[in-house]
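A.B. asks: generate a structure from the sequence data that follows.
(chains A, B, C and D)
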Protein chains: 2
Amino acid sequence: MSRSATGTIFSIQSLAEEERIPLKFLEQILLILRKGGIMHSRRGAGGGYQLVRPATRITVGEILELVDGPIELLPDGNSLSPGLTSAFQELQGEMQAWLTKMTLADVMQREQLRGAVSFDI
Amino acid sequence: MSRSATGTIFSIQSLAEEERIPLKFLEQILLILRKGGIMHSRRGAGGGYQLVRPATRITVGEILELVDGPIELLPDGNSLSPGLTSAFQELQGEMQAWLTKMTLADVMQREQLRGAVSFDI
DNA sequence: GAAAATCCAGACAAAATTAATAGGGAATCT
DNA sequence: AGATTCCCTATTAATTTTGTCTGGATTTTC
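C.D. replies: Okay, the predicted model is just below:
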């Protein structure tokens, strides 16, 4: 019963129990994901959350940026030398590229290959 | 008068003044680099620090690991799903590869290209 | 022996990060 | 109306990180 299938709807509570995450904690994360355009929600009885797009079109980078904020190796007002700054910008670019290629579907496939616990979100 | 030339010796104090870093702070860093086998030091009058190897054979990753500890995207006792863990391990591997290819000489060349402040260490 | 310089262990505070908790408000279904 | 479920803001607590400072001890040169 994969919650990562596009149409599947589920409640915060049910997911919180399965993953053993505090309900109020999970609530905040899902809220962020909805505002970020990754999930859709419906209130009231029978409501819940569901993915807006198929997992093949949701990237890890997208989720990470929403939840953790922008991926930046360099601090905002960085005092590093221009050469180091340039180098780290390059690395950061490579990380971004990777994070943009890696989709939620890719990650879920890796769960399968490892044959372990089922994973959702 | 580049301090990154292999033979050049300099004192903590002179570098601290130039870079406007607290002397005692810089001292700790240089100490780490020496223990890590990147720098050599000589005590007493006329002593100081110098690079052991040419900058072409010192990598940014080496320095970073010494100063900041191991580069790890995943926390030590990570509770992530196996699929996510696997994915992040892959990314971490790519970062490591990049950091191992990028040498101090490469960084210094970028300083030149940007024509800005001279940079040492 | 005096001066110059590194060596070393530890204490400290401010800031940032992370995880969690709290308490109600608003919409929707039956 | 009442139950269900998401919505929203704020606060707390614990931990880690970062930068800095203290106070010497040791080695080397002159």
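
A.B. asks: which parts of chain A are strands?
C.D. replies: All strands of chain A, identified by DSSP state E, fall at A:39-42, A:48-51.

A.B. asks: so the top helix by length along chain A, near DNA strand D or not?
C.D. replies: Once chain A is assigned using DSSP state H, the helix that runs over the most residues is helix A:82-101. No - figure legend: helix A:82-101 not in contact with DNA strand D (C-beta under 7 Å from any atom of the strand); closest approach 13.3 Å. In this view, the C-beta of every residue, glycine as well, is placed from N, C-alpha and C.

A.B. asks: residue furthest from the geometric center of chain A?
C.D. replies: When distances to the mean C-alpha position of chain A are computed (C-alpha atoms, centre = their mean), the maximum falls on A:S81, with 33.0 Å.

A.B. asks: how close does A:A5 get to A:E62?
C.D. replies: Here the criterion is C-beta to C-beta, to the nearest Å. By it, A:A5 lies 18 Å from A:E62.

A.B. asks: equivalent analysis for A:L113, please.
C.D. replies: In this view, A:L113 and A:E62 are 23 Å apart by C-beta to C-beta.

A.B. asks: more crowded one of these two?
C.D. replies: Under the neighbour definition other C-beta atoms under 10 Å in any protein chain shown, A:L113 and A:E62 were set side by side, and A:E62 has more, 19 against 10.

A.B. asks: close to chain B, is the longest helix of chain A?
C.D. replies: Yes - between helix A:82-101 and chain B, judged by C-beta under 8 Å from any C-beta of the partner chain, the touching residues are A:82-84, A:86-87, A:91, A:94-95, A:98-99.

A.B. asks: deepest-packed of the strands of chain A, please.
C.D. replies: Per-stretch averages of neighbours, counted by mean count of other C-beta atoms under 10 Å in any protein chain shown, single out strand A:48-51 among the strands of chain A, with a mean of 20.

A.B. asks: follow-up on the earlier one: the residue farthest from the centre of chain A contacts B:L104, correct?
C.D. replies: No - between A:S81 and B:L104 there is no contact, the gap being 11.6 Å when judged by C-beta atoms under 8 Å.

A.B. asks: overlap in contacts of these two?
C.D. replies: Here A:S81 and B:L104 share no contacting residue, scored by C-beta atoms under 8 Å, 6 or more residues apart in numbering or on different chains.

A.B. asks: and the residues of helix A:82-101 next to chain B, which are buried?
C.D. replies: With neighbours counted using 16 or more other C-beta atoms under 10 Å in any protein chain shown, the residues of helix A:82-101 next to chain B contain these buried positions: A:82-84, A:86-87, A:91, A:95, A:98-99.
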